[in-house]
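In: Pasting the sequence and the predicted coordinates here, then a few questions.
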Amino acid sequence: TSPVAVSLQNTCQSHALTALSGRRQTRRARSPVLPRHVSDMLLPLRALIASMDAKETIPQIELACGDNVTAMVLRHMEPLSAGDLARLRDFAAAQATFWRDAQGGRLSLAVTSLFWGFGAVLQFAVLKHAQDALGLPLSQGAALQAVVALGVVAGAAFAGRHVGLHAVPRVLPAGIGLGLLVIAGALVTQVALAIPLLALVGAVGGLLVVPMNALLQHRGHQLLTAGRSVAVQGFNENASVLVGLGLYAGLLRLDVAIAPLMAGIGALLALLMAVPTWRRRRAWRPGAPDTVSRPAAAAAAGAAPPGA
C-alpha cells in the first residue's frame, strides 16, 4: 500500500506540542488509530519534546507509514539548536538499539516492562480483592501485599544463585505460570488459601524478573552507556506502569468486579508471555558469562516493584 500521512496533532489533543511539555498535558498514553509501534512512543515523545529548547515552536509531528518504513517529521518554526538535534539523534538511537537487539536486549526490555506494569496493577488488585472477596480491612489487606513481597525476595534469591545469563530463556515459562496463578488467586475466597498462593505469585515473579533485569543490565552495558540504558529502561517500564494503572482504573470505573478483573489480568499476562516462550527455542546467545554474579543479581532484584 502507498504511504499515508497521519498527523499526531489530534492524537495528542493539542494545537501545539507545548501541551506535551506540561502546560496542557495529554492524557493519552496510547492511540488506537496509530500503528502499535508508533502508539507505544507517545509517552517517550512527550518527554523528548519537553526536554527540547524548541518545545514552544514545534506545532505538530507528521507520520508517514508504508509497508516496511515508518518516518516521523517534526514541524519546527525555527531552526533547531545543536543540542536539540543531538537529543533527537540520541533518543532515536537508544530506543532502536534496545528494541532491535536480538541477543537479549529486546527480550529483557519487553519482559521487565510488562512485569512492572503487571506488578503495579497487582498491588492495588490485591488490596481490593482482600476487601471484596476475603472480607479483610485495609490494614490486613496490606499485609497480603507484604506476603507477595516476601515471595519476590525468595524467588529473587533463588534466581540469583541458580540462573545464569545463558539460561535466561528457560525462565520465560514462569511468566505464563505467573498469569495462571493470578487467575487462581482471583477464585480464592479463604485467607488460609490466599496467603500461600500470593507468596507463590511473588516467588514466581522474582524468579522471572531477576534474570531478565540482569540480562537487561548486561546488554545495556554492552550496547549503550549506563546512563542511556537506564533512561531507555525507565521510559519503557514507567510507560507500562502508566498504561496498566490506567486500564485498571478504567475497568474499576466501569464497575467490573475484582474477581473477573484479576482473572483477565492473569490471562492477558499468560498470553503475552506465551509469545517469547514459544520463540525461545530459536537460536539465541547473549554472549555473556555462564552465571550471573551475586552483586548483579542483587541489583536486578532491587528493580522489582514493591509489593509485587
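Out: Thanks, I have it.

In: Only the buried residues of the helix or strand containing F235, if you could.
Out: Applying DSSP states H and E as the criterion places F235 in helix 226-253. By 16 or more other Cβ atoms under 10 Å, the buried positions in helix 226-253 come out as 228-229, 231-233, 235-241, 243-248, 251. From N, CA and C alone the C-beta is placed, and that goes for glycine too.

In: next one: stretch 48-68
Out: L48, I49, M52, A54, K55, T57, I58, Q60, I61, L63, C65.

In: Among those residues, which are located in helices?
Out: Cross-referencing the buried residues of stretch 48-68 against helices under DSSP state H gives L48, I49.

In: List just the nearest of the buried residues of stretch 48-68 to R75.
Out: Proximity of those to R75 (Cβ to Cβ) peaks at Q60, which lies at 5.1 Å.

In: Would you confirm that the closest one contacts R75?
Out: Yes - the pair Q60 / R75 is scored as a contact, 5.1 Å apart, by Cβ atoms under 8 Å.

In: Would you map the helices across the stretch 1-150 of the chain?
Out: Ranges of helices in the stretch 1-150 of the chain, per DSSP state H, counting those that start in this stretch, are 36-39, 42-50, 82-100, 105-132, 138-162.

In: To P260, which of those lies closest?
Out: For P260, the closest of these is helix 105-132, at 11.4 Å, according to Cβ to Cβ.

In: can you give me the angle that closest one makes with helix 138-162?
Out: Counting by axes from the mean of the first three to the mean of the last three Cα atoms, to 10 degrees, helix 105-132 lies at 150 degrees to helix 138-162.

In: Determine the set of other helices and strands touching helix 105-132.
Out: Judged by 3 or more Cβ pairs under 8 Å, 6 or more residues apart in numbering; DSSP states H and E, helix 105-132 is in contact with helix 82-100, helix 138-162, helix 173-187, helix 191-223, helix 226-253, helix 258-279.

In: of these, which approaches V111 most closely?
Out: V111 sits nearest to helix 191-223 of all the helices and strands packed on helix 105-132, at 4.7 Å, using Cβ to Cβ.

In: And A274, how far from G205?
Out: 17 Å (Cβ to Cβ, to the nearest Å).

In: before we move on, back to that, of the buried residues of stretch 48-68, the lowest pLDDT goes to which?
Out: Confidence by pLDDT is poorest for C65 among the buried residues of stretch 48-68, given 70.
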